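Student: The sequence and its predicted three-dimensional model are supplied below.
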Amino acid sequence: MRFLVTMPFKFLFTEKRKDILRSGIFVLIIVYFLVRPCWGGKIELNPQKYVGSKTCITCHEAQFQGWKTTLHSKMEQIPIKEGPNRNVLGDFASQNPVLTFSLEDVDMLVGSRFKQRYAKKIGDDYYMLPAQWNVNTNKWVAYKPKNDWWAAEGIFPKAWDSRPTSKLCEGCHTTGFNIETKIPVERNITCESCHGPGDLHVQNGGDGFIINPVNLSHERSNMICFQCHMSGRPPKGKFENYAWPVGFKPGDDLNKSWIYARPTGANSYEMWTDGSAHKNRVQGNTFIQSKMFRKGLRCFTCHDPHGSRFTSFTVKSAENNSLCLICHGENTTQAVFKDDISEHTHHEANSPGSICIECHMPQTGKNALKWDSRDHSFKFISPLMTIKNGTPNGCSSCHRDKNAEWAFKTVTNWTFH
Ligand code: HEC
Ligand code: HEC
Ligand code: HEC
Ligand code: HEC
Ligand code: HEC
Ligand code: HEC
Ligand code: HEC
Ligand code: HEC
């Protein structure tokens, strides 16, 4: 220790200027390594604790009731197997051979909108049973992941009961998941997933100590949603076998705990060659390619996490264009037409062919089915991409009696005002 401290000073007095500079840097490096553990320790001394969403009701009733209407509040449910409140969607009387387990095996339900999966508790962990119920087709299909990196690389063996949800799922489906005890503070995506742990906020009667995403930078606020809606994998190290960003809290830099999947220039598991969504939960990966992301929009510019009466809790309806017209309507800075929307869409104003999201957020990704998940890159996917790579395009999803060549030729002849 004494040697380390005195040595650079000896240099200081005996060597030339070049060396003085060098020894100065040397001192700085030593000082950095000496104080580094203290910085880390300081944060550890005062960890914020999670208190649970029920604690927030007293003072934020409106946000609580609104959030309850979103599926964030229903991701993981205790099965109610009979009666009017039955939340088990699958038909367990089915003779379908992929259904290899019975309702008695089911200890937890995962999902309800596109598909429902079923978990069995073994020891202190949950494991996903090998069939899922597709909601829109009312059908059982096998559930045997093979394309996720942790399956493709054989990190977890194929058997369903050797793939624990504590490593592969829970960080994105629960709040405050403890990897030691394998117990979350709450099942579901609750207030503190997006606002951070709230004990000091509550102790102080609501005065500070809580994150309001709207006050964070554009980047950091989007990262709150990205922690779950961005496909990727963790960096090498202690948590490299977890499928979610362990340790991330709202306000943090997600890049420290998560490596984003990027378009590879070919069709990949996550994205098509052109970067559009090839599966669900790649909203982050695709949105960051958009001009809207670069111009400062956030996920919650369009989605209200405390609920709305529209599909996917959008702040206004996308099905009648109100959402997009906030910024792209006539007389707005981003206007796409002067007098009538048909100038842009080349369809009658009241035609389904004039709904922005049908051309700019077509369903290109697989959630339960090919294709039921909307792209968030917002670009118009040219029918040429369909011809080249198979990417679904908006035109052909409506004009099923015509081919992509027809759509490409037609759209190439359109002029925009
Ligand atoms: C999926 C993320 C998410 C969840 C879950 C969530 N919030 Fe929020 N909350 C946000 C965002 C984003 C904002 C900023 C919204 C804005 O101003 O555009 C916000 C803002 C707020 C505000 C500031 C006032 C307001 O309404 O803008 C309060 C209070 C609040 N949330 C409470 C809660 C409570 C209580 C819960 C749980 C019942 C909750 N939130 C759940 C993301 C979330
Ligand atoms: C990195 C975060 C993350 C991980 C890890 C993760 N999920 Fe999800 N999951 C999500 C998000 C986000 C959605 C919603 C995305 C969407 O609709 O595009 C979702 C949706 C789902 C749905 C569909 C829900 C519905 O209502 O239709 C099911 C089922 C599901 N996940 C099961 C699993 C299982 C099982 C695992 C573990 C093997 C897992 N997920 C791992 C983030 C994650
Ligand atoms: C004892 C009452 C009380 C409780 C309990 C409480 N809050 Fe608050 N909260 C307040 C008050 C007061 C404010 C400041 C006034 C306002 O903006 O409504 C506030 C503000 C907020 C804000 C906005 C902060 C900002 O900087 O803009 C968020 C987000 C929030 N609370 C979330 C929560 C969450 C999440 C919980 C549960 C973990 C919670 N609150 C529990 C009283 C409370
Ligand atoms: C802790 C993980 C997590 C965080 C953080 C998170 N989500 Fe989600 N989100 C999910 C999961 C899991 C689902 C699927 C829920 C289901 O279908 O039951 C989902 C579903 C959704 C849906 C469709 C829900 C519906 O009711 O149809 C939207 C929209 C959404 N998230 C937007 C957001 C936005 C915007 C943010 C950030 C403000 C955010 N999410 C933050 C995990 C998360
Ligand atoms: C809060 C304002 C706002 C809302 C709401 C909005 N946009 Fe945008 N949009 C912008 C801005 C700003 C740009 C960037 C314009 C530029 O720099 O050229 C943009 C650009 C675009 C682009 C250009 C391509 C790209 O890479 O992003 C498309 C396409 C687009 N928006 C579609 C939509 C659709 C579809 C909706 C509705 C789901 C929508 N926008 C809602 C503000 C908005
Ligand atoms: C019938 C399909 C269709 C509909 C519906 C449609 N668009 Fe477009 N949009 C296009 C095409 C095609 C382009 C040109 C794309 C290109 O040049 O790469 C385009 C271009 C754009 C651009 C400029 C893109 C850029 O890169 O600068 C914006 C912004 C845009 N649309 C927004 C909207 C909005 C907002 C709506 C709803 C009011 C809408 N579009 C409805 C097909 C459509
Ligand atoms: C410019 C507006 C806009 C932005 C920004 C935006 N979304 Fe969406 N999102 C939509 C619209 C519109 C829908 C479809 C709503 C409908 O079906 O009516 C949607 C649907 C969804 C869904 C439901 C799944 C599906 O396939 O339909 C999820 C989950 C979601 N968005 C998450 C996110 C997340 C996370 C972000 C940020 C990475 C984000 N969104 C950014 C407009 C937006
Ligand atoms: C959401 C559904 C939808 C989408 C997306 C859509 N269309 Fe249409 N399109 C229609 C309907 C419905 C009509 C019937 C006339 C009308 O309502 O304008 C139509 C009519 C047309 C017509 C004139 C009649 C015909 O069949 O020859 C052409 C040309 C056309 N669409 C081309 C396109 C092209 C090119 C795209 C992609 C850029 C596209 N459409 C996207 C629904 C759609």
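Tutor: Great, that's in hand. Ligands and ions are numbered 1, 2, ... in the order given.
Student: Where does pLDDT dip in the chain?
Tutor: 1-47, 417 (pLDDT under 70).
Student: residues in it within reach of ligand 1, list them.
Tutor: For the chain, the residues found near ligand 1 under the criterion C-beta under 6 Å from any ligand atom are 53, 56, 60, 63-64, 67, 72, 189-191, 193-195, 212-214, 300, 305-306. Heads up, the C-betas are built off the backbone N, CA and C, glycines and all.
Student: how about a cut-off of 5 Å?
Tutor: Within the chain, the positions near ligand 1 by C-beta under 5 Å from any ligand atom are 53, 56, 60, 63-64, 67, 191, 194, 213-214, 300, 305.
Student: Who wins on neighbours among the residues you listed?
Tutor: Within the residues of the chain next to ligand 1, C191 tops the neighbour count with 26 neighbours, counted by other C-beta atoms under 10 Å.
Student: Quick check: residues of the stretch 201-350 of the chain near ligand 8?
Tutor: So the stretch 201-350 of the chain meets ligand 8 at 347-348 (C-beta under 5 Å from any ligand atom).
Student: Quick one: name the residues of the stretch 201-350 of the chain near ligand 3.
Tutor: So far as C-beta under 5 Å from any ligand atom goes, the stretch 201-350 of the chain lies against ligand 3 at 202, 205-206, 210, 212.
Student: how about V411, phi and psi?
Tutor: Note on V411: its backbone torsions stand at phi -70, psi -30 [degrees, to the nearest 10].
Student: Touching, it and C395? I think so.
Tutor: Yes - between V411 and C395 there is a contact at 6.6 Å, judged by C-beta atoms under 8 Å.
Student: which of these two has more neighbours?
Tutor: The neighbour comparison of V411 against C395 (other C-beta under 10 Å) goes to C395, with 23 against 17.
Student: what helix or strand is the closest residue to G265 other than its chain neighbours on?
Tutor: Spatial nearest neighbour of G265, excluding adjacent residues (C-beta to C-beta, 6 or more residues apart in numbering): T273 at 6.5 Å. Using DSSP states H and E, T273 sits within no helix or strand.
Student: Around T273, count how many other residues there are.
Tutor: T273: 17 neighbours (other C-beta under 10 Å).
Student: What's the separation between it and ligand 3?
Tutor: 40 Å (C-beta to the nearest ligand atom, to the nearest Å).
Student: dump the residue contacts of that residue.
Tutor: By C-beta atoms under 8 Å, 6 or more residues apart in numbering, the contact list for T273 reads 263, 265-267, 385, 388-389, 391.
Student: Compute the number of surrounding residues for R187.
Tutor: 20.
Student: shouldn't it be in contact with S73?
Tutor: No - the criterion here is C-beta under 8 Å, and R187 misses it with S73 at 9.8 Å.
Student: on that earlier part again, for the residues of the chain next to ligand 1, which two are the farthest from each other?
Tutor: S53 and V214 (19.4 Å; C-beta to C-beta).
Student: what phi and what psi does the backbone show at M108?
Tutor: Torsion angles, degrees, to the nearest 10, at M108: phi -150, psi 140.
Student: before we move on, the earlier item: name the residues contacting each of V411 and C395.
Tutor: Common neighbours of V411 and C395 (C-beta under 8 Å, 6+ apart) are P383.
Student: Do a quick rundown of the strands in the protein.
Tutor: 76-77, 108-110, 115-122, 125-134, 139-142, 174-175, 186-187, 232-233, 259-260, 363-365, 373-374 (DSSP state E).
Student: and of the ones you listed, who's closest to A243?
Tutor: Nearest of the strands of the chain (C-beta to C-beta): strand 232-233, 7.4 Å.
Student: Can you pull out the residues in contact with the closest one?
Tutor: Outside strand 232-233, the residues touching it (C-beta under 8 Å, 6+ apart) are 149-150, 240, 243, 258-261, 285.
Student: Note down every partner strand of it and its orientation.
Tutor: strand 259-260 (antiparallel) (DSSP bridges).
Student: okay, now the domains of this protein?
Tutor: As assigned by automatic domain parsing, the chain contains the domains 218-260, 264-417.
Student: Point me to the residue of the stretch 51-200 of the chain nearest ligand 5.
Tutor: For the stretch 51-200 of the chain, the residue closest to ligand 5 is T70, as judged by C-beta to the nearest ligand atom, at 18.2 Å.
Student: and this structure, which of its residues are near ligand 4?
Tutor: Within the chain, the residues that sit near ligand 4 (C-beta under 5 Å from any ligand atom) are 70-71, 75, 111, 113, 172, 189, 193, 225, 228, 299-300, 303, 305, 312.
Student: For K68, which non-adjacent residue is spatially closest?
Tutor: G307 (7.4 Å).
Student: Would you confirm that that neighbour contacts L71?
Tutor: No - contact between G307 and L71 fails when scored by C-beta under 8 Å: they sit 10.2 Å apart.
Student: tally of neighbours for G83?
Tutor: G83, neighbours per other C-beta under 10 Å, totals 6.
Student: change the start of the numbering to 12 and stick with it
Tutor: Noted, 12 is the first residue going forward, which turns the last one into G94.
Student: what's in contact with stretch 400-410?
Tutor: With C-beta under 8 Å, 6+ apart, stretch 400-410 has contacts from 278, 283-285, 287, 363-364, 369-371, 373-375, 382, 391-394, 396-397, 413-415, 417-418, 421-422.
Student: anything in it near ligand 6?
Tutor: No - if you take C-beta under 5 Å from any ligand atom as the test, stretch 400-410 misses ligand 6, and the best it gets is 5.8 Å.
Student: Bridging across strands, which residues link to K132?
Tutor: Y137.
Student: Between the residues of the stretch 212-361 of the chain next to ligand 3, identify the one with the most neighbours.
Tutor: Of those, with other C-beta under 10 Å as the count, I221 tops at 20 neighbours.
Student: thinking again about what came up before, check contacts around the residue nearest to K79.
Tutor: Neighbour list for G318: 76-81, 324 [criterion: C-beta under 8 Å, 6+ apart].
Student: one more time with 10 Å
Tutor: Going by C-beta atoms under 10 Å, 6 or more residues apart in numbering, G318 touches 73-81, 83-84, 324.
Student: how near is it to A329?
Tutor: 16 Å (C-beta to C-beta, to the nearest Å).
Student: what's the answer for V146, then?
Tutor: Distance from V146 to A329, by C-beta to C-beta: 21 Å.
Student: How about D118?
Tutor: 37 Å.
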